[in-house]
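Trainee: I'll drop the sequence and a predicted model, then ask my questions.
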Amino acid sequence: MGHDISGFNNTGDEIAYARFSMGNYNSTILYSLLDANKFYAGVSGSGRSSTFSIKQIEKALNTYNQLYGNSLSERDWDLKQIQDFIQNCLATAQKEGSVKIYFG
């Protein structure tokens, strides 16, 4: 069990990935930033996916930067993976208009 969250482009290629063990509370940070708490199922994601607009991903990145942007250190691996995930999703959304995210 755990949270395997993947971002996909329009052709179905995985463009972003974040992994959290089932006991890692940092997974809730990503769900919250994406306003996707309905996909949180405790020890894992719900197994469902949703399409996110450029605006939604930009909002997630802006909120991330406000909360965590200047606080990264070497021990903040989860925050770095969250940042990378959102940035990769944003790059795809900017190219294609949206990005699909799967919450497993």
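Mentor: Cool, got the structure. Numbering: from 1, shown residues only.

Trainee: got any ranges where this structure has weak pLDDT?
Mentor: Low-confidence segments of the chain, defined by pLDDT under 70: 70-75.

Trainee: any idea where the helices of it begin and end?
Mentor: Under the criterion DSSP state H, the chain contains helices at 27-33, 54-68, 77-96.

Trainee: Let me have those in TSV, adding mean neighbour count and distance to R48 as columns.
Mentor: Quick note: C-beta positions are derived from backbone N, CA and C, even for glycine. Supplementary listing: the helices of the chain in TSV, determined by neighbours: other Cβ atoms under 10 Å; distance: least, Cβ to Cβ, whole Å:
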stretch	mean neighbour count	distance to R48
helix 27-33	19	12
helix 54-68	16	16
helix 77-96	18	17
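
Trainee: List just the one of the ones you listed that sits closest to A16.
Mentor: Between A16 and those, the shortest separation by Cβ to Cβ is 3.8 Å, and it involves helix 77-96.

Trainee: what does that closest one rub up against?
Mentor: Counting contacts by Cβ atoms under 8 Å, 6 or more residues apart in numbering, the residues outside helix 77-96 that touch it are 5, 7, 9-10, 15-20, 24, 26, 29-30, 33-34, 52-54, 57-58, 60-61, 64, 68, 71-72, 99, 101.
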